[in-house]
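A.B. asks: A predicted structure for the sequence below; I have some questions about it.
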Amino acid sequence: MAPTISDKDSKLQILKDFLSNLISTLCSSMFAYGLGFMLLDTTHSAISFGLNMLITPLVSILFVIPVGNLVDRYSHKKIIVISLLARVLAALGLYFFLSLSNFYHLVTIIIFLFINALALNFSTTSYSAAVHELVNLNYLQKLSSFTQVASASASIAAPMLGVLLYSLVDFNTFILLEVGAHLLTLTIVLSMKFHSTKRETATSTLTFHNQWQDFVTGLNYLKSQTILSYIILLAVILNFFYASLNIGLPFIVKQELHLANKVVGTLETSLAIGMLCGSLIMVLFSKKQAQIFKWWLIIPLLCYDFQIILLGCLFLTSPTQTTLILIAASILLVLAICLMILNIKVQVYLQLTVASQLLGRVMAVLNTCATSSLPLGVLVFTFLFQHFSNGGGLFLISGLILLTCSLAIIPKIKEI
């Protein structure tokens, strides 16, 4: 039987969730900047800021089976607490190693990032699967929206604060800040009430065979629910083509248009602000609207596609710096709003429709597919932008391909 959670308790849980996500995401993002700068200063390697992007999808792929199975089998709160403790211990281990050795060993950093990514994977999947234990159905979208508000706010503030802090303190201070943030987040999580539903029995031995059988059960469920498979496919496609923005924007602005770094910063800031605005829009429209739910997916999806096409057309005109900032920033603002609406709506749809005992496995597959497609897109678009001189044309073609894929998926979305 589903737990009964009052509106008052739901609002309190949302506040705690928002604070824990804001603290954790902001400090982790600042730490990522500090780590990137430290590695760049010591190794002078171009991969300094890309290590985490490579390790995170690798960990997701390697551990997609145990993460989904364990999240569906055991207490979500216990998994989140253990994950936070693991991140604290990993950070303290890195701190003491660097304090004693007086040099920055890349292998040690990689081990830390591997442990941190695995713990974060468990924690994120558990949070996604635990929403029914935190709020009632009327507050599901508001919970997801405020979670995204926290992430978007952190993404706006973290670069500036990370650069400022790195200029003032050494890297070990970044580690201690990360530990403090995890401990504060842990305190908030411990104060949260998880209205646990009945979990799967965990008396059987966790052999590889049992792990595989449990995972296959989740895959069979996805196969039986065609719309879920298309939603995951949509997430993969959107993440893949989003990489064109990560690679293409700075490349075109710097290499083709020969404009200043501040232009890149302005455009990336507009993306972050758009994500924040999209999250806030979903907070305002958080009431259940089942009859128009599909249009909350279709309209932002088509709008997203057309923004990439418009961006390509803009770059083809070789605009001046002022024109580029005004028009491109507006395009990216709308694009980010659409992306955030899609992200929140997909999360809420899965949380409302997937059986609770399978939600961990479904979320694990979704997160793995989405995170894996982004670095793949980075590799593909890095090659394309380096070997083709017309970046605007690449954006235009990418937008048209994405629009074609969207038009093929929309009939399935209409079946919702």
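C.D. replies: Right, received. Where do you want to start?
A.B. asks: Quick check: the residue nearest the centre of the chain vs Thr125, distance?
C.D. replies: With distances taken as CA atoms, centre = their mean, Thr371 lies nearest the centre of the chain, 7.7 Å away. According to CB to CB, to the nearest Å, Thr371 and Thr125 sit 11 Å apart. In short, each C-beta sits where N, CA and C put it, glycine included.
A.B. asks: Likewise for Ile110?
C.D. replies: Ile110 is 22 Å from Thr125, by CB to CB.
A.B. asks: Check Gly278 too.
C.D. replies: From Gly278 to Thr125 the distance is 23 Å (CB to CB).
A.B. asks: Any chance of the backbone angles for the residue nearest to the centre of the chain?
C.D. replies: Torsion angles at Thr371 (phi, psi; degrees, to the nearest 10) stand at phi -70, psi -30.
A.B. asks: hang on, isn't it packed against Pro57?
C.D. replies: Yes: with contact defined as CB atoms under 8 Å, Thr371 counts as touching Pro57 (4.6 Å).
A.B. asks: domain ranges for the chain?
C.D. replies: Following automatic domain parsing, the chain resolves into domains at 7-198, 218-413.
A.B. asks: From the contact counts, what lies against the helix or strand harbouring Lys16?
C.D. replies: Remark: Lys16 resides in helix 7-43, with elements defined by DSSP states H and E. On a contact count with 3 or more CB pairs under 8 Å, 6 or more residues apart in numbering; DSSP states H and E, helix 7-43 meets helix 51-62, helix 106-129, helix 131-134, helix 140-168, helix 171-191.
A.B. asks: roughly how far is the fourth one from the heart of the chain?
C.D. replies: Distance, stretch centre to chain centre, for helix 140-168: 12 Å (CA atoms, centre = their mean, to the nearest Å).
A.B. asks: That one versus helix 171-191: what angle between them?
C.D. replies: 160 degrees (axes from the mean of the first three to the mean of the last three CA atoms, to 10 degrees).
A.B. asks: Relative to the whole chain's centre, how far out is the least confident helix or strand in the chain by mean pLDDT?
C.D. replies: Lowest on mean pLDDT, DSSP states H and E among the helices and strands of the chain sits helix 208-224, with a mean of 77. Centroid separation for helix 208-224 versus its chain: 24 Å, with CA atoms, centre = their mean.
A.B. asks: What about Asn136? Give its phi and psi, please.
C.D. replies: phi -80, psi 170.
A.B. asks: swap that for Gly392, please
C.D. replies: phi -60, psi -40.
A.B. asks: Equivalent analysis for the one 3 residues further on, please.
C.D. replies: Torsion angles at Phe395 (phi, psi; degrees, to the nearest 10) stand at phi -60, psi -40.
A.B. asks: measure it to Leu335 for me?
C.D. replies: Applying CB to CB, the value for Phe395 to Leu335 is 11 Å.
A.B. asks: what is in contact with the two at once?
C.D. replies: Residues touching both Phe395 and Leu335 (CB atoms under 8 Å, 6 or more residues apart in numbering): Ile308, Leu311.
A.B. asks: hmm, back to that, comparing Gly278 and Thr125, which shows the higher neighbour count?
C.D. replies: A count of neighbours by other CB atoms under 10 Å puts Thr125 above the other of Gly278 and Thr125, at 32 against 26.
A.B. asks: re earlier: same question for the least confident helix or strand of the chain: list its buried residues.
C.D. replies: Judged by neighbour count (16 or more other CB atoms under 10 Å), helix 208-224 contains these buried residues: Gln211, Asp214, Phe215, Gly218, Tyr221, Leu222.
A.B. asks: what does stretch 90-109 give?
C.D. replies: Buried-residue list, stretch 90-109, by 16+ other CB under 10 Å: Ala90, Ala91, Leu94, Tyr95, Phe97, Leu98, Tyr104, Ile109.
A.B. asks: Out of those residues, which is nearest to Leu176?
C.D. replies: Closest to Leu176 out of the buried residues of stretch 90-109 is Tyr95 (6.7 Å), distances taken as CB to CB.
A.B. asks: Excluding chain neighbours, what is closest to that closest one?
C.D. replies: Once flanking residues are discounted, Tyr95 sits nearest to Ile175: 4.4 Å by CB to CB, 6 or more residues apart in numbering.
A.B. asks: Go ahead and confirm that neighbour touches Ala90.
C.D. replies: No: taking contacts as CB under 8 Å, Ile175 lies outside contact range of Ala90: 10.0 Å.
A.B. asks: For stretch 74-92, list the C-alpha coordinates in PDB.
C.D. replies: These are the backbone C-alpha positions of stretch 74-92, laid out as PDB (Å, rounded to 0.1, in the frame of the first residue of the first chain):
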ATOM      1  CA  TYR A  74      17.100  -2.000  -0.500                       C
ATOM      2  CA  SER A  75      16.100   1.200   1.400                       C
ATOM      3  CA  HIS A  76      16.600   4.300  -0.700                       C
ATOM      4  CA  LYS A  77      17.500   6.400   2.300                       C
ATOM      5  CA  LYS A  78      20.200   3.900   3.400                       C
ATOM      6  CA  ILE A  79      21.700   3.900  -0.100                       C
ATOM      7  CA  ILE A  80      21.800   7.700  -0.200                       C
ATOM      8  CA  VAL A  81      23.400   7.900   3.300                       C
ATOM      9  CA  ILE A  82      26.000   5.200   2.400                       C
ATOM     10  CA  SER A  83      26.700   7.000  -0.900                       C
ATOM     11  CA  LEU A  84      27.300  10.300   0.900                       C
ATOM     12  CA  LEU A  85      29.600   8.600   3.400                       C
ATOM     13  CA  ALA A  86      31.500   7.000   0.600                       C
ATOM     14  CA  ARG A  87      32.000  10.400  -1.000                       C
ATOM     15  CA  VAL A  88      33.200  11.800   2.300                       C
ATOM     16  CA  LEU A  89      35.700   9.000   2.800                       C
ATOM     17  CA  ALA A  90      37.000   9.200  -0.800                       C
ATOM     18  CA  ALA A  91      37.500  13.000  -0.400                       C
ATOM     19  CA  LEU A  92      39.300  12.600   2.900                       C
END
